[in-house]
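Asks: predicted model and sequence follow; I will ask about them next.
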Amino acid sequence: MSEEKKEINFVWGKPAPSLIPTVEMAAAAQRVFADPVMAIAGMQYSDSPHAGYNPLRQRLSAYLSDFYGSSESLDDLSITGGASQALTVILQILSDPAATRAVWLTAPCFFAARKIFEDAGLTGKLHGVNELEDGSIDLEYLEREMMKLDNPTLMRPCKPSSTYQKTYAHLIYIVPTFSNPSGKTMPLDCRRALVNLARKHDALIICDDIYDMLQWPSATDDAMSILALPTTAPLPRLIDIDRALPTHTNDPQGFGHALSNGSFSKIVAPGVRTGWVDARPTLVKALTACGALTAGGCPSQLVATMLAELMDHGWLQKHVGGKLVPAYRKRWVLMKKAVERELGGLGGGVVDVGDTGLAGGYFLWIRLPEGAKATDVARMARDTEALMVSPGPSFGVALEEQETDFEPFVRLSFSYEDEENLVEGVVRLARVVRALLNRDQPN
């Protein structure tokens, strides 16, 4: 009897256990509970307005200012229960199932976001906008389709305007830096043009900026010095571009047309369930007035006290730059080289991430050899090789003519599995692809 293969999971977008700072988190928790003031602050409801634990906001403000080169004030920041929970609140407060005309998502998109939009009553309003080779999106298509819906008679909100002071006509959801799944980064000219488009059509750009800090040079030179690793953002965020512009005439209250949705999930651990929204103060104030927050206080209040302790004395910069980035870069190089070696001769390979000179995030977006279909590959990989991969079609937005066919692609995560499994998993993937190509060859 042949030995059963150990499962290798390239689906999970979560950190390897060895990269989770359990010791440091335990020490931070001990410091919190040893201090009655901090302990009570963490164990009580948050104070109103419910923007979150102030020491964490202060340290986060300094951290973001250093990384992005922006001028962050406390009024720009609210603590959230992570990027997914924050998106839920954003939609509850700033969208309306009847009045919001459309939701535009980059295609391919982060598939789990679709369900959050649908839960907010926006089913049937989701549209894909193709991501282009250089990481930009098809702005011509986006504006043309938005204009078709720019009819004021469509704005018949079901929420009372006295409570919900701003309802956006359009929502645009993107992961602009090291996008999930493609790993691409939106160029500066596209960022500026997208902000201007959003201002023109009363849209809110919701940016999942969760991978920004996980960046490294895209060269695969193993000998590259740790000193060469970047420590600041390569491009301004869309919120910074929007914030630098004057208030638009269709936004007299100054909510703005972009926000940054951040998370500690990728730079500390997913289980801390803590993140932040960075936006104009008017928008932040609206989010903190959400019913769930006014009733129950800011989410993750206790963990926020521990994270504030962790962030003291520059720990987060050291953890990200000294541990996470070198580890993820090594994993990225291992998997990328394995894909080039195992699939290159078959006509497959890693999709190029653009010309920024940087790679990052958790994933590689793989183009399969001609004739191989992602759904078949994923099924056979699971059944015959105990290998889990994410097929391209799962990252589609809607069945529209404009949206690209993602059957030729699979997404591979390099963040979770041990390093030796990254290479072994790609070997198994190549074995599946060869078997499928040989099966489909005419006799």
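Replies: Received it, and whenever you're ready, just let me know what you need.
Asks: from now on I want contacts and neighbour counts done on CA atoms only, so please keep to that.
Replies: Fine.
Asks: list the buried ones in stretch 196-212?
Replies: 196-199, 201-212 (16 or more other C-alpha atoms under 10 Å).
Asks: and which of those is nearest residue 390?
Replies: Each of those was scored against residue 390 by C-alpha to C-alpha, and residue 211 proved nearest at 19.0 Å.
Asks: so residue 250 is in which element?
Replies: Secondary structure here is read from DSSP states H and E; on that basis residue 250 sits in neither a helix nor a strand.
Asks: that one and residue 202 touch, don't they?
Replies: Yes. Because the distance of 6.7 Å satisfies C-alpha atoms under 8 Å, residue 250 is recorded as touching residue 202.
Asks: list residues touching both of the two?
Replies: Contact criterion C-alpha atoms under 8 Å, 6 or more residues apart in numbering; residues shared by residue 250 and residue 202: none found.
Asks: what does the helix or strand harbouring residue 292 rub up against?
Replies: Here residue 292 is covered by helix 291-296, with elements defined by DSSP H and E. Around helix 291-296, the neighbours that count as contacts under C-alpha under 8 Å, 6+ apart are 45, 48, 50, 288, 299.
Asks: show me the two of those residues that sit farthest apart.
Replies: Distance extremes for these: the farthest pair is 45 and 288 at 13.6 Å, using C-alpha to C-alpha.
Asks: and the two? Which one has more around it.
Replies: Taking neighbours as other C-alpha atoms under 10 Å, residue 45 and residue 288 compare with residue 288 leading, 23 against 19.
Asks: spatially, what comes nearest to residue 135 if we skip its sequence neighbours?
Replies: In space, not counting the residues next to it along the chain, residue 135 is nearest to residue 186; the distance is 4.6 Å by C-alpha to C-alpha, 6 or more residues apart in numbering.
Asks: only alpha carbons, please: show stretch 347-364 as CSV.
Replies: What follows is the C-alpha trace of stretch 347-364 in CSV, where atoms were taken according to Å, rounded to 0.1, in the frame of the first residue of the first chain:
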residue,chain,number,x,y,z
GLY,A,347,4.3,27.0,-21.3
GLY,A,348,3.0,28.1,-17.9
GLY,A,349,4.5,30.6,-15.4
VAL,A,350,4.1,33.4,-12.9
VAL,A,351,2.1,36.4,-14.1
ASP,A,352,4.3,39.5,-14.1
VAL,A,353,3.5,42.0,-11.3
GLY,A,354,4.4,45.1,-13.3
ASP,A,355,7.4,47.4,-13.4
THR,A,356,7.4,48.9,-9.9
GLY,A,357,10.5,46.7,-9.0
LEU,A,358,8.7,45.4,-6.0
ALA,A,359,6.7,42.3,-5.2
GLY,A,360,4.8,41.5,-2.0
GLY,A,361,1.8,40.1,-0.3
TYR,A,362,0.9,36.5,0.1
PHE,A,363,0.2,35.1,-3.4
LEU,A,364,1.5,34.1,-6.8
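Asks: what about that stretch, distance to the chain center?
Replies: Offset of stretch 347-364 from its chain centre (C-alpha atoms, centre = their mean, to the nearest Å): 16 Å.
Asks: I am finished for the moment; much appreciated.
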